[in-house]
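Engineer: below are the sequence and a predicted model for it; my questions follow.
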Amino acid sequence: MAKVDTSLVAHLPLFAGFKTEDLEEILREARSARYPKNSAIFEQGADAHGFFLLLHGHVRAAKTTPTGEQIVVRYVAPGETFGLAMALGLTQYPATATAVDDSVVLIWPTAAWPRLVERFPSLASGTLQTVGARLQESHTRILEMSTQQVEQRVAHALLRLAKQSGKKLDHGIEIDFPISRQDIAQMTGTTLHTVSRILSGWEQQGLVESGRQRIILRDPHRIVTLAERNPDSGPA
């Protein structure tokens, strides 16, 4: 197994404060793997054989409901961990992880988790903080689903993606990975038709620019206003 260079992870918050020799020990059990665009990294319901750290690319985590409906749970950005079933006490992955562009990950076997957290307690606390933050994000989205109009939910989704993976351009902020209108519909609990209608309207107003799997927020401040608007307050 090829040795993983500590410089790949030393700058990440999860490994802040670790000595080089500690990182070498942690990485000794990891292997790197490449996943081409649109390939599955793991499937919902499969045995949780490992946990992952994304080094390059982007990953979509999606759940399939008992009725066959697809729900996009979140997007994973470089430097983030995912597939943390063992930290939740699960033996199977609760969602499917798919590379949305060519991606490189580090993989640790699930069996390594107890050894690593016993040896490095801060690794466990950092991972639990990550899990906690994602649960809080899920609760926020559930609240949005139950209390907000679709236009507000779409605005919040775009702003979250721009904050996580936005690239500043002269004419706005581009969500820096391939994302379709169908993906946004599955993130916000609505239909492709509704998302297309909303984004087309926003394009006419100069708020966004969208193409095939590409979205630019041309006026982020007005999108924030839309996201936070009281439904009874009328047009922005």
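Structural biologist: Everything's here; your move.
Engineer: list the buried residues in the helix or strand harbouring Ser125.
Structural biologist: In the assignment (DSSP states H and E), Ser125 maps to helix 121-147. Neighbour-count burial for helix 121-147 flags 123, 126-127, 130, 134, 141, 144 (criterion: 16 or more other C-beta atoms under 10 Å). (Each C-beta comes from the backbone N, C-alpha and C, glycine too.)
Engineer: now those in a markdown table, please, with extra columns for distance to Val9 and pLDDT.
Structural biologist: Shown next, in a markdown table, are those (distance: C-beta to C-beta, whole Å; pLDDT from 0 to 100):
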| residue | distance to Val9 | pLDDT |
| --- | --- | --- |
| Leu123 | 12 | 89 |
| Gly126 | 12 | 86 |
| Thr127 | 14 | 87 |
| Thr130 | 14 | 86 |
| Arg134 | 20 | 85 |
| Arg141 | 29 | 85 |
| Glu144 | 33 | 86 |
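Engineer: tell me the one among those nearest to Phe177.
Structural biologist: Arg134 (18.3 Å; C-beta to C-beta).
Engineer: hang on, the earlier thing: what packs against the helix or strand following the helix holding Ser125?
Structural biologist: For helix 121-147, the following helix or strand on the C-terminal side (DSSP H and E) is helix 150-165. Helices and strands touching helix 150-165, by 3 or more C-beta pairs under 8 Å, 6 or more residues apart in numbering; DSSP states H and E, are strand 70-76, helix 121-147, strand 172-175, helix 181-188, helix 192-204, strand 214-217, helix 220-228.
Engineer: hang on, the earlier thing: from the chain's centroid, how far away is the helix holding Ser125?
Structural biologist: Relative to the centre of its chain, helix 121-147 is centred 12 Å away, using C-alpha atoms, centre = their mean, to the nearest Å.
Engineer: same thing with stretch 68-82?
Structural biologist: Relative to its parent chain, stretch 68-82 has a centroid offset of 4 Å by C-alpha atoms, centre = their mean.
Engineer: equivalent analysis for stretch 175-186, please.
Structural biologist: Per C-alpha atoms, centre = their mean, the centroid offset for stretch 175-186 relative to its chain is 12 Å.
Engineer: that one: end-to-end distance?
Structural biologist: Using C-alpha to C-alpha, to the nearest Å, the end-to-end distance of stretch 175-186 comes to 17 Å.
Engineer: against Asp176, how distant is Val117?
Structural biologist: Distance, Val117 to Asp176, using C-beta to C-beta, to the nearest Å: 32 Å.
Engineer: if you could redo that for Ile223, that was the one I meant.
Structural biologist: Taken as C-beta to C-beta, the span from Ile223 to Asp176 is 17 Å.
Engineer: confidence-wise, which helix or strand of this protein is lowest on average?
Structural biologist: Least confident element among the helices and strands of the chain, by mean pLDDT, DSSP states H and E: helix 121-147 (a mean of 86).
Engineer: good, we can wrap up now.
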